[in-house]
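Asker: Please work out how this folds:
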Amino acid sequence: MLYLSHSLRSVFAQSNSIFVPTNEDTMKLIDFMQEFPNEESCENKLREYREKQGVVCPKCGCTEHYWKKDKKCFECKGCHYRQSLKANTVMHGSQLPLMYWFTAMHLLTSTRKSFSASELQRQLGHKNYMPIWAMLHKLRSIMGKRDAQYQVCGIVEMDEGFFSTETPEGKKDEPQKRGRGSQKKTAVLVLAETSDGTPKKTSDKPTAVKHIKMLVINDLKSETIDGKVRMYVNPSSTITSDDSTSYTNIKSLVSKHVHQVIEPKQVGKILPWVHIAISNAKRLLLDVYHDIRPDYLQSYLNEFCYKFNRRTFGDKLFDRLVVAALAYKNEFRYNIA
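Answerer: Numbering: from 1, shown residues only. Next up, the predicted model:
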């Protein structure tokens, strides 16, 4: 029977720069340990979640089943097909204990920033790094899928950010460029939905930011930007941006496009929330990770946006992530070369 190790408890005693609660209502470590002290408690909870969501037989589509306690699996009442607790979820095929998955989901939803896979591996006392690394990326993948269901709308700020990443293998021998074209930079389209466009009396900023999206893009061509806007911005929205040539077609995709040439010193006033989001995301990545490969940058941004967009959920955020873990099969693929 697997128990939460003493070393894992110490992870929360480390620097607050890494482990900071999203808000005071988030599930605390002591509460998590009391609710999930061992593998059996995690199995019982996952079974409860799955039965609440509805267990569907992948073979015949029947929604009625038996629980085989000795086998720890569901058996279809129609065709008697059996499926495990992890089957057809993001945990499908994983050999890691459920305790690991629940612990990772708790840490992802109870911390303001993040943590590295190597640190989680060390605290869990697991021998191999890659299964822990892959588990975290699978969870970040479903965070992205959940957010992809929703469009931003209303008043939307839009701009690009350039994040430091590892130079791709195929470009390491090329002459190193600087600025936006650098091989060490990856472009990200950032969208920030504000509550309304009414400035406060004492500030030029909109009253608040609701939701954000951060989308890795391969280039700054207008066709690339148009595709992202069609997918992630409601057509009734008003987009505010600079006068970039990448945005020439935006006016045909939304209700209104407000664009102007913006001096560097004015960016913080005209597009405040986009650049606050970019700054915060960059700081988080620099604090926790090193040499992020461009292929995996989106995964880390998924986590940042998921937690930001649900910053008021409190202790319900853990439950939401577990439900998402059951709703999506694993599609995360990686190349360790």
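Asker: On the three-state scheme, the residue nearest to residue 328 when sequence neighbours are not counted is what?
Answerer: Leaving aside its sequence neighbours, residue 328 sits nearest to residue 142 (C-beta to C-beta, 6 or more residues apart in numbering; 4.7 Å). C-beta coordinates here come from the backbone N, C-alpha and C atoms, glycine included. Secondary structure, DSSP: H, G, I helix; E, B strand; the rest coil: residue 142 is helix.
Asker: before we move on, what about residue 189?
Answerer: From three-state DSSP, the assignment for residue 189 is strand.
Asker: what about the stretch 151-300 of the chain, any weak spots by pLDDT?
Answerer: By pLDDT under 70, the weakly predicted segments of the stretch 151-300 of the chain are 168-183, 195-207.
Asker: what about the helices in the protein?
Answerer: Under the criterion DSSP state H, helices of the chain are mapped to 6-9, 29-35, 39-53, 98-110, 117-124, 130-148, 222-232, 267-270, 272-288, 294-309, 316-327.
Asker: how about those helices in CSV, adding distance to residue 61 and mean neighbour count?
Answerer: Listed next are the helices of the chain as CSV, based on distance: least, C-beta to C-beta, whole Å; neighbours: other C-beta atoms under 10 Å:
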stretch, distance to residue 61, mean neighbour count
helix 6-9, 40, 13
helix 29-35, 33, 14
helix 39-53, 15, 15
helix 98-110, 26, 23
helix 117-124, 37, 18
helix 130-148, 23, 20
helix 222-232, 30, 16
helix 267-270, 53, 16
helix 272-288, 42, 18
helix 294-309, 31, 21
helix 316-327, 17, 19
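Asker: In TSV, list the ones you listed along with distance to residue 90.
Answerer: As requested, those are exported to TSV (distance: least, C-beta to C-beta, whole Å):
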stretch	distance to residue 90
helix 6-9	21
helix 29-35	19
helix 39-53	12
helix 98-110	9
helix 117-124	16
helix 130-148	5
helix 222-232	22
helix 267-270	38
helix 272-288	22
helix 294-309	13
helix 316-327	5
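Asker: Ok, which of the ones you listed comes nearest residue 246?
Answerer: Nearest of those to residue 246, taken as C-beta to C-beta: helix 222-232 at 4.9 Å.
Asker: How about residues contacting the closest one?
Answerer: By C-beta atoms under 8 Å, 6 or more residues apart in numbering, the residues outside helix 222-232 that reach it are 148, 151-152, 158, 189, 191, 213, 215, 217-218, 239, 245-250, 253-254.
Asker: Just the buried residues of those.
Answerer: Buried residues within the contacts of helix 222-232, counting neighbours by 16 or more other C-beta atoms under 10 Å: 151-152, 158, 189, 191, 213, 215, 217, 239, 246-247, 250, 253-254.
Asker: I'd like to know which of those is nearest to residue 37.
Answerer: For the buried ones among the contacts of helix 222-232, the nearest to residue 37 is residue 213 (37.7 Å; C-beta to C-beta).
Asker: For burial, what's the neighbour tally of the closest residue to residue 27 other than its chain neighbours?
Answerer: Nearest residue to residue 27 in three dimensions, chain neighbours excluded: residue 315, at 4.3 Å (C-beta to C-beta, 6+ apart). Residues lying near residue 315 (other C-beta atoms under 10 Å) number 15.
Asker: Residue 315 and residue 100: what is the separation?
Answerer: 21 Å (C-beta to C-beta, to the nearest Å).
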